[in-house]
Structures are given as C-alpha cells and as structure tokens.
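*Asks:* here is my input; please provide its structure:
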Amino acid sequence: MSFFRIIDLRKGCWPGKLAFPGILSRFRYFYAGRKTSYLEPLTHFLFGANLGRAGLNRKTAYATLTLTLAAEAPDLDVVSRFGGQMFGLNHHRGFTHSFLGGILVAAVVVGFVYVLKRIWPPRKSYDEVRGDPPPRWGLLFAYAYFAVLTHILLDFTNNYGVRPFWPFSERWYSWDIVLVIEPVMWVLLIGALVVPLFSSLINQEIGVRRQGPPGKWAARFALLGVVLMWGVRDYEHRRAIAALESRTYQNETPLRVSAYPYWVNPFRWYGVVETERFYAGMHVDSLIPEVDPEGNPVIHFKIEETPVTAAAKQTYPGRVYFDWAQYPITETEALPNPPGGYRVRFLDLRYAYPERIGGRTLSTAIDLDSQLHLVREVRGSDAPRPEADRGSQKSP
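*Replies:* A predicted model of the protein is given here:
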C-alpha cells in the first residue's frame, strides 16, 4: 500500500481509529487563522531547548529541561477554555503571561523538575563521566523565569497580543510582525538541534573526543537568526504602515492603520484601515511599497449603534471581546427562537484576511431575548453568518 493511500492528504489525518490532525492539516488551520490565539507550542519548546544548548546548560544540571518546560509553561492557562470561549479569552495571556505571574510560573516549573529528580534520581556515574555540574536550584529558578519572559516576547511578536503588566494594567500589546506559525523559525531552531547530532556522529567515527554538551554554536546561530528575522520583519512592517498612512481611501484620510503578517514572506502584509465611514482591508507589498496591488479592497461600512448592539456590548462576552479586539464590528440578525430575539455576532477585522472572506476567525456570537437579555453564547464557528447586508460589504 502506498504512502499516499495511507495518509489522506486532503484531510491531513490518519484514517480510522488513529485519526488526528496531521502536519498538513495544522498548516492549513494555522494559516487560516483558526488557532491564532496561541503561538504554535513547538516554537516555544524549541526556543527553550536552544537557550539551554546555547551555553546555559553548562552552569547547572537540568538547565535544558527547565528552560524547555518553562518556555511553554505560560500556556497552561488554556485550562480557562473549559469555562467557555469568552471566559478563556478573558483569562488567556493574562496572569501567566505577565511579568508578575511569570514568577509563580517559574516556581511551578522548578518545583516540577525537583519532583522529577526525586522520583528518578540520576545515576552517580553519569555526573562522573560527563562532568555535569550539580543542580543549582536558585539558578534554575532564574533560568525558568528567563524562559517565561521569552514566551511573553514570542507571543508579543504576533498579532494576538499579551498583557504583560497584568494585574496593574489590562492593556493588550502586540508587535504584529510574525504569524502564529513561522516556518523560518522552525528551520532555524530545529536545525540547531539536529545538525550537532550529525557532527557528534562524525566525531565519534574519527575518534575526536567531545568536550562538554554539543550544539552551543549552532544554538547561538539559530537564536541570532530569529532576532535578525525579527529585525527584518520590523523594518518591513514599518514600511507597510507608512505606505498605508500615505494615501487616501475613497477620498477619506485614514484615522488609524495596521499591518498584519503572513508566514515566510516578510514583504507581504494584510493592511487594515479605519476612516470616518468604513474599515478597509487589503494586501500590502512592503518591498515596493504598494498598497492594494490587486485594486480590490474589502470594505466594511460602519453602522449606527442600535439598542440591540448596545445591549450586546454590555454583556460579559461583549465587554471581554471589545476590550481585546482592535477592529471590532458587529452583525445582527433576528431570531425565530426565542421570539423577538436577536443574534449579535462579534468579529475582529485584524483576522479578516482577504483570502478568508466570510471566515469566522476568533469571532463569537450571542443570542438576546426580546428584552435584550443574554440567552446564550455561541462559538463563532457554530454561528451561521447573516445573509442580509448588515453594514459590511465588498467594494466593487
């Protein structure tokens, strides 16, 4: 049986009881923005492992393990999703992604590593042969907190944002230069861990004795490469912003503009512009630079506030969503059940990429009764898009 018969490439999963999202499926979903609330966990794990390999593992035992776990540990707040979509949105990237909360996260990670050491203590001969230093728990705590800070930094680079000053400030901050999944980072970070393995095999064949843990310079090169990638993307992001600000849109001056990334290509951006009457979404080529090279922007006209939308915004889901969203819009439709009720859908245009017209990325909806009281919350993927024109349309 051929490989292509075993794996359904279209669905990106194994058939039968072994079905689970495959690599192609993960690329498809992440690129479509359906999981953009989290930076791909693999990136955090790889970043932490490379921090250890870069030289921090020469100071104390368990350094690489601690750094790797702590680099992903802030995303333990995913448990908040069990409280519902909006409860999860309200608490994700809050306490565990803050400078203050990171202290507790680091302590939990070090405590976990200590428990592992007690359960599975290392063999004495291992330290004698390898010359590894003993565990220094104070230093491991510092390493863990440093890894937590790198998690916050990596999440800050994408367009979802973080709240690093929680609980003193609920303000969201985002750099908007890297998509939630970035293959360039994968190549750098994975390569830095894999290449030294081949080097070690070659050294063993020719009889070269290794001194210390392998991969120091490869890890340093990878981390430097990530920083350089950020520098390039930041420069191109600024060019995209400047290009969006330099022109008018249907004879209107922009009130504010934003540019959001695509993966791999640092010159391709999705621009969002707000004017007095509407929002506009379009592609931006920062290399030229050129705004809307296809000449086909997506226009979302602003609509007047109604008692229905005002009541929807005052609900718990509405307050949470509008506190987080950068370019929020609403869509309203009448419901047959409950009689006289309404469904109000919240969307954030920073995820309304032109390739995904009609998409529901990180959207949500609520149902109100005839007295405009909240009946239930509906996940964006479960809420059908209203068919009538409710203030959003594509320009001719």
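*Asks:* which residue packs closest to residue 236, ignoring adjacent ones?
*Replies:* residue 286 (4.3 Å; C-beta to C-beta, 6 or more residues apart in numbering). Using the backbone N, CA and C atoms, a C-beta is placed for each residue, glycine as well.
*Asks:* then residue 341?
*Replies:* In space, and not counting its chain neighbours, residue 341 is closest to residue 335: 4.3 Å by C-beta to C-beta, 6+ apart.
*Asks:* what about the residue nearest to residue 236, distance to residue 244?
*Replies:* Distance, residue 286 to residue 244, using C-beta to C-beta, to the nearest Å: 10 Å.
*Asks:* repeat that for residue 352.
*Replies:* According to C-beta to C-beta, residue 352 stands 16 Å off from residue 244.
*Asks:* how about residue 312?
*Replies:* 30 Å.
*Asks:* that older thread, for the residue nearest to residue 341, give me its contacts.
*Replies:* By C-beta atoms under 8 Å, 6 or more residues apart in numbering, residue 335 lies in contact with 341, 342, 343, 367.
*Asks:* and which of those residues is nearest to residue 233?
*Replies:* Set against residue 233, the nearest of those by C-beta to C-beta is residue 343 (38.4 Å).
*Asks:* in a strand, the closest one, correct?
*Replies:* Yes. Per DSSP: H, G, I helix; E, B strand; the rest coil, residue 343 lies within a strand segment.
*Asks:* ends of stretch 339-356, what's the gap?
*Replies:* 33 Å (C-alpha to C-alpha, to the nearest Å).
*Asks:* any low-confidence regions in the stretch 151-300 of the chain?
*Replies:* 198-214 (pLDDT under 70).
*Asks:* if I look at residue 360, how far off is residue 337?
*Replies:* The value you get for residue 360 to residue 337, if C-beta to C-beta is used, is 22 Å.
*Asks:* comparing those two, which residue is more hemmed in?
*Replies:* Applying other C-beta atoms under 10 Å to residue 360 and residue 337 shows that residue 360 carries more neighbours, namely 21 against 8.
*Asks:* Three-state assignment for the more buried one, please.
*Replies:* From three-state DSSP, the assignment for residue 360 is coil.
*Asks:* what about residue 247, neighbour count?
*Replies:* Using other C-beta under 10 Å: residue 247 sits among 12 other residues.
*Asks:* now do stretch 113-131, average pLDDT.
*Replies:* Stretch 113-131 shows a mean pLDDT of 70 in the predicted model.
*Asks:* what's the separation between the residue nearest to residue 341 and residue 111?
*Replies:* Going from residue 335 to residue 111 by C-beta to C-beta gives 50 Å.
*Asks:* now do residue 228
*Replies:* Look at residue 228 and residue 111: by C-beta to C-beta, they are 36 Å apart.
*Asks:* my read is that residue 78 contacts residue 92, right?
*Replies:* Yes. Using C-beta atoms under 8 Å, residue 78 makes contact with residue 92 at a distance of 7.1 Å.
*Asks:* which of those two has more residues huddled nearby?
*Replies:* Between residue 78 and residue 92, counted using other C-beta under 10 Å, residue 92 has the larger neighbour count: 23 against 15.
*Asks:* just give me the neighbour total for the residue lying closest to the more buried one once chain neighbours are set aside.
*Replies:* Leaving aside its sequence neighbours, residue 92 sits nearest to residue 77 (C-beta to C-beta, 6+ apart; 5.4 Å). Around residue 77 there are 18 other residues, counting by other C-beta under 10 Å.
*Asks:* can you start the count at 55 instead of 1 from here on
*Replies:* That works, and once the first residue is 55, the last one we named lands at residue 131.
*Asks:* which parts of the stretch 105-254 of the chain are strands?
*Replies:* Taking DSSP state E, counting those that start in this stretch as the criterion, the stretch 105-254 of the chain carries no strands.
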